[in-house]
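**Q** pasted the sequence and its predicted model underneath.
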Amino acid sequence: MPTYEYECLECKDRFELFQSMNDEPVRTCAKCNGRVRKLFSSAGIIFKGSGFYVNDYKNPGKKEGAGSSSEGALCPAAGNCSATCPAGASSE
C-alpha cells in the first residue's frame, strides 16, 4: 500500500497517510477540519536484480589499463608522465 502526502489549505499542516489505492482520498484536516489537498511527489525507485552495478557489465577475461605496472594503471597519463609527475619519476 502506498503512502500519500496531504497538506491542509488552512493551517498548512502536512501529513502522510498509509492507505490503499482503492480508499477515498482524505478531504479534511485532522487538526483544524480544514480542506486538504493531496501532494504529488516523485515515485521511489528500487533497483533489484543484476545489471545495475559497474561490476555486472565487466568482461571477466578483459584486462583494464594499458600499463603492466600497478602505478601505470592508476595514472591517467598511462606512461606519458613528465619528470615532475610522482608516478613518472618512478617509472623512468
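**A** Yep, it's here.

**Q** from here on, just use CA atoms for contacts and neighbour counts.
**A** OK.

**Q** now the strands for this protein?
**A** Here the chain has its strands, by DSSP state E, at 3-8, 14-18, 36-39.

**Q** which among these is found nearest to residue 46?
**A** strand 3-8 (15.6 Å; CA to CA).

**Q** show me what counts as buried in the closest one.
**A** Across strand 3-8, burial judged by 16 or more other CA atoms under 10 Å covers 4, 6-8.

**Q** burial count for the closest residue in space to residue 20 that isn't next to it in sequence?
**A** Nearest non-adjacent residue to residue 20, counting by CA to CA, 6 or more residues apart in numbering: residue 1, 5.1 Å away. Neighbour count for residue 1, taken as other CA atoms under 10 Å: 8.

**Q** returning to that earlier point: out of the strands of the chain, which gets nearest to residue 45?
**A** Of all these, strand 3-8 sits nearest to residue 45, with 14.1 Å by CA to CA.

**Q** so what strands line up beside the closest one?
**A** Partners of strand 3-8 in the sheet, by DSSP bridges, are strand 14-18 (antiparallel), strand 36-39 (antiparallel).

**Q** of these, which stretch is the most buried?
**A** Most buried of the strands paired with strand 3-8, by mean neighbour count (mean count of other CA atoms under 10 Å): strand 36-39, with a mean of 16.

**Q** quick one: average pLDDT of that one?
**A** The average pLDDT within strand 36-39 is 94.

**Q** ok, now stretch 13-33?
**A** On average, the pLDDT along stretch 13-33 is 92.

**Q** what does that stretch rub up against?
**A** The contact list for stretch 13-33 (CA atoms under 8 Å, 6 or more residues apart in numbering) reads 1-8, 10-11, 34-38.

**Q** if we can go back for a sec, now the strands paired with strand 3-8 as a markdown table including distance to residue 49?
**A** Converted to a markdown table, the strands paired with strand 3-8 look like this (distance: least, CA to CA, whole Å):
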| stretch | distance to residue 49 |
| --- | --- |
| strand 14-18 | 27 |
| strand 36-39 | 31 |
